[in-house]
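[1] please find the sequence and the predicted model below.
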Amino acid sequence: MTNAVTAGRLAGTPTASPTPQEARSTWPRLAGLGVVLLALGILALTWSGGGPRLLLAALGLLAVARGAAMLRGARSGRVERSAAVSGAGAVWLGLVAVALALVSAPATGWALVAGVVLLLPVLAGTLPSRRPVLLAAAAVVALAALLVGLTGGVDALLTTGRNVAAVLVGVLGLVNLAGAAGMARIARRPAPAAPAGCGGCACGAGGCGSLG
């Protein structure tokens, strides 16, 4: 749900700064996603009846859309074939999330608790440079969930899971809005001037050097 620049920084790999043209096409999507996520988080916190179920269903649909895009990219060769596995997993998990949201509020609560507990281990698998810290944090979260369940019971665990998930989604929405603001600033920059004698004909093919 975050942009490629943010993901690259989290992974500890250098990423090139987006061009104004790329930023102009990216920032509206980031802003729209940020607004949706922030609204879902607020609804889940303030509407106990249907907010969490709406949150889970919407996250499932977003996962399905993202997974389908990854599968299309893998088929067309735009992304690595390994992305097809991740895309298929995202589609499957997204459909399961939507189904659980339609079943009942308790099923939704358990799904959100599982999502909160498994979030950090999943991030640890995708961010090797941060793996020790993320795994340690994951152990703390799992222990906290166990303690809440033992001391407060199932209802307390489900309520805490729903609230934590809502807060995380809201924070992610704010992160996307901040990223959209940064992209919008880049989009307002003037495009770099073409070198003298350049007609722009080879830029899409890798630059003038590719013609030789």
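    That came through fine.
[2] contacts and neighbour counts: CA atoms only from here.
    Fine.
[3] which stretches of this protein aren't confidently modelled?
    Counting by pLDDT under 70, the chain contains low-confidence residues at 1-16, 79, 191-212.
[4] the lengthiest helix in it - contacts with which helices or strands?
    The helix of greatest length in the chain, counted in residues with DSSP state H as the criterion, is given as helix 131-187. With contacts taken as 3 or more CA pairs under 8 Å, 6 or more residues apart in numbering; DSSP states H and E, helix 131-187 sits against helix 20-46, helix 51-76, helix 105-126.
[5] if we go to 6 Å?
    With contacts defined as 3 or more CA pairs under 6 Å, 6 or more residues apart in numbering; DSSP states H and E, the secondary structure elements packing on helix 131-187 are helix 20-46, helix 105-126.
[6] so which strand or helix has the nearest residue to Leu61 once chain neighbours are set aside?
    For Leu61, the nearest residue in space outside its immediate sequence neighbours is Gly94; the separation is 5.9 Å by CA to CA, 6 or more residues apart in numbering. Gly94 is part of helix 82-103 when elements are defined by DSSP states H and E.
[7] in terms of secondary structure, what does that helix contact?
    Partner elements for helix 82-103 (3+ CA pairs under 6 Å, 6+ apart): helix 51-76, helix 105-126.
[8] quick one: the residue nearest to Leu61 and Ala63 touch, right?
    Yes. Counting by CA atoms under 6 Å, a contact exists between Gly94 and Ala63, whose distance comes to 5.0 Å.
[9] count of neighbours near Ser17?
    When neighbours are counted by other CA atoms under 10 Å, Ser17 registers 10.
[10] how much space is there between it and Ala23?
    Summarising the geometry, the distance separating Ser17 from Ala23, computed by CA to CA, to the nearest Å, is 10 Å.
[11] Thr151 now?
    As defined by CA to CA, Thr151 lies at a distance of 49 Å from Ala23.
[12] looking at the two, which is more packed in?
    The residue with the greater number of neighbours, taking Thr151 and Ala23 and applying other CA under 10 Å, is Ala23; the counts read 20 against 10.
[13] most packed of the helices and strands packed on helix 82-103?
    By mean neighbour count, with neighbours taken as mean count of other CA atoms under 10 Å, helix 51-76 ranks first of the helices and strands packed on helix 82-103 at a mean of 21.
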